[in-house]
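Enquirer: Give me the fold of what follows.
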Amino acid sequence: MALDNAVLRRFSVSVKFFKSSLWSEVPQHPGDEVRLFRTTRKRARYATLGRRWSAHESFLLKKSKEIDLLRGIGWATVPKTFQHAMWLTWELGIKHVWIDNLCIVQDDPEDWHRELVKMKAVYGLSYIHIAAR
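Expert: Just a heads-up that it's a prediction; the model follows:
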């Protein structure tokens, strides 16, 4: 409980960093749709996923796909690394995960700049960081 309160206090101080961010919601069950949402209130617990980008990244949030991701996409279309991170996050009782591929509009320089200045806070304030290969 003390840890939770410390995280909440720390998060509350920095919540202004996240007001415009996109977040991915962890499905309640494997196979459920994955969707993004825009922050409208404080969210105390979230995970972050860090991994090495490949030269051939294909699963990226782009302007043309943002609406689809806000509505929800099929679990099977999400890369295994993201599925595993979402599964682990759910098992830990955390309902949101921040993944740069999904939470930054990759072909929007304004969004990239806006989110880039928040990266230290996004990773630093996460409840848990998942590192993957």
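
Enquirer: What is the least confident helix or strand in the chain?
Expert: Averaged element by element with mean pLDDT, DSSP states H and E, the chain has its least confident helix or strand at helix 2-14 (a mean of 48).

Enquirer: Flag every buried residue along stretch 92-101.
Expert: 94-101 (16 or more other C-beta atoms under 10 Å). Glycine gets a C-beta too; all of them are placed from N, C-alpha and C.

Enquirer: Endpoints of stretch 66-76, how far apart?
Expert: In stretch 66-76, first residue to last residue: 18 Å (C-alpha to C-alpha, to the nearest Å).

Enquirer: sorry, that was for stretch 27-46
Expert: Stretch 27-46 end-to-end distance (C-alpha to C-alpha) = 13 Å.

Enquirer: Work out the gap between that stretch and the centre of the chain.
Expert: Remark: stretch 27-46 is offset 8 Å from the chain centroid, using C-alpha atoms, centre = their mean, to the nearest Å.

Enquirer: What of stretch 118-133?
Expert: Worked out by C-alpha atoms, centre = their mean, stretch 118-133 lies 9 Å from the chain centre.

Enquirer: count of residues packed around residue 35?
Expert: 16 (other C-beta atoms under 10 Å).

Enquirer: swap that for residue 116, please
Expert: 10.

Enquirer: if I look at it, how far off is residue 73?
Expert: 25 Å (C-beta to C-beta, to the nearest Å).

Enquirer: Then residue 111?
Expert: 19 Å.

Enquirer: thinking again about what came up before, can you put the buried residues of stretch 92-101 in TSV and add secondary structure and pLDDT?
Expert: Output for the buried residues of stretch 92-101, formatted as TSV (DSSP: H, G, I helix; E, B strand; the rest coil; pLDDT from 0 to 100):
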residue	secondary structure	pLDDT
94	coil	87
95	coil	85
96	strand	86
97	strand	88
98	strand	88
99	strand	88
100	helix	85
101	helix	85
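
Enquirer: so the spatially most central residue of the chain bridges to which residues?
Expert: Nearest to the mean C-alpha position of the chain, counting by C-alpha atoms, centre = their mean, stands residue 98 at 1.5 Å. Beta-bridge partners of residue 98, counted by DSSP bridges, are residue 48.
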